[in-house]
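Colleague: fold the following.
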Amino acid sequence: MPEQPFEPERAIAGTGMGGAMDLATSEAETLEKTPGGPQGTGPQEKPRSLWSDAWRDLRRNPVFIISALVILFLIVISLWPSLIASGNPLKCNLAKAQEGSQPGHPFGYDGQGCDVYTRTVYGTRTSVTVGVLATLGVAIFGSVLGGLAGFFGGIWDSILSRLTDIFFAIPVVLGGLVLLSVVTSNTVWPVIGFMVLLGWPQISRIARGSVITAKQNDYVQAARALGASNSRLLLRHITPNAVAPVIVVATIALGTYISLEATLSYLGVGLKPPTVSWGIDISSASAYIRNAPHMLLWPAGALAITVLAFIMLGDAVRDALDPKLR
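Modeller: Predicted coordinates:
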């Protein structure tokens with residue numbers, strides 16, 4: 001018997017009850033396709049996660065690229081300042097006090113005869129160290145407290161909410177003047193500890209709200225119904241999906257902490273000599289701003305560029321991680 005040509009429009013599939021079921025043209029054509037992607041071209045593309053989408057957007061964002069390059073440069077000179085400054089920031093010559101730019105000393109000298117260029121370069125290490133360590137401390141401490149309060153709720157959530165209200169009522173600069181004025185240490189740790197003490201409530205509230213939102217999702221409820229423990233729910237299901245807002249806020253706050261350190265040092269309660277800091281140099285140069293403005297402009301400019309770079313980086317990360325802005 002000769003083989004009949006296949007016509008999708010008249011395709012009929014036999015049913016188990018002896019009847020017949022007509023197939024639409026599109027359904028018949030689907031039967032001829034391979035189980036791969038569209039038109040049998042192969043496997044479909046694997047769906048991307050939030051982090052892969054964010055990284056793709058960041059690589060195409062010029063704001064992120066510029067700020068990341070600036071921050072990378074700051075990190076390098078913080079670790080190895082001698083790469084671009086061969087002098088000693090504590091070596092001064094009073095005979096050259098307040099002198100302007102000279103060969104080998106492009107930024108001139110300060111009121112004590114110290115090289116402004118060398119002190120500006122070495123001041124990067126102090127400012128970046130304080131900003132990074134304070135941000136890590138605030139992010140870890142605030143995230144743990146806020147995440148646990150948001151997950152368990154009840155009395156612990158109420159206590160944390162009232163505690164954050166108390167800390168939010170303390171002015172940061174005034175609190176620094178009161179708390180750090182009794183500290184005699186010349187290290188960076190008292191300043192970092194003060195920033196963590198007054199900075200954790202903001203991160204805590206962000207983490208709390210993010211955890212409350214994440215724990216209501218269906219995949220968390222399904223894992224709980226399957227018998228997952230609280231620690232597994234927090235570490236495997238909630239934290240990876242609630243950490244994005246914390247990263248955004250912490251990145252922006254890093255620049256704020258660098259600025260806060262300079263402010264406290266300028267007021268005389270932050271870092272103290274012989275520590276090399278932009279805030280200390282700005283404070284020393286404020287008395288000579290009319291006669292030697294270069295003493296103030298260079299460390300202040302370095303501080304402004306650093307803070308701006310971290311804020312721009314935080315804005316770019318926020319735009320990439322926030323689905324509402326896509």
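Colleague: so what pLDDT did residue 34 get?
Modeller: Listed pLDDT for residue 34 reads 42.
Colleague: leaving aside the residues next to it on the chain, what's closest to residue 90?
Modeller: residue 274 (5.9 Å; Cβ to Cβ, 6 or more residues apart in numbering). Quick note: C-beta positions are derived from backbone N, CA and C, even for glycine.
Colleague: just to confirm, which helix or strand has the one you found in it?
Modeller: Residue 274 belongs to no helix or strand when assigned by DSSP states H and E.
Colleague: likewise residue 75?
Modeller: Using DSSP H and E, the element containing residue 75 is helix 62-79.
Colleague: what's the burial count for residue 97?
Modeller: By other Cβ atoms under 10 Å, 16 other residues sit near residue 97.
Colleague: tell me the contacts of residue 217?
Modeller: residue 241 (Cβ atoms under 8 Å, 6 or more residues apart in numbering).
Colleague: for it, phi and psi?
Modeller: phi -70, psi 160 (degrees, to the nearest 10).
Colleague: what pLDDT is listed against it?
Modeller: Residue 217 is given a pLDDT of 85.
Colleague: quick check, pLDDT for residue 160.
Modeller: Note for residue 160: predicted pLDDT of 89.
Colleague: residues in contact with the residue nearest to it when sequence neighbours are not counted?
Modeller: Closest residue in space to residue 160, ignoring its immediate chain neighbours: residue 149 at 4.2 Å, by Cβ to Cβ, 6+ apart. Shown in contact with residue 149 (Cβ under 8 Å, 6+ apart): 156, 157, 159, 160, 161, 204, 208.
Colleague: now do the same contact list for the third one.
Modeller: It stands for residue 159. With contact taken as Cβ under 8 Å, 6+ apart, residue 159 is in contact with residue 149.
Colleague: surely it is within a helix?
Modeller: Yes - counting by DSSP: H, G, I helix; E, B strand; the rest coil, residue 159 is part of a helix.
Colleague: state the distance from it to residue 166.
Modeller: 11 Å (Cβ to Cβ, to the nearest Å).
Colleague: just to revisit the earlier point, host element of the residue nearest to residue 160?
Modeller: With DSSP H and E as criterion, residue 149 is part of helix 116-152.
Colleague: could you list the low-pLDDT ranges of the stretch 51-200 of the chain?
Modeller: 51 (pLDDT under 70).
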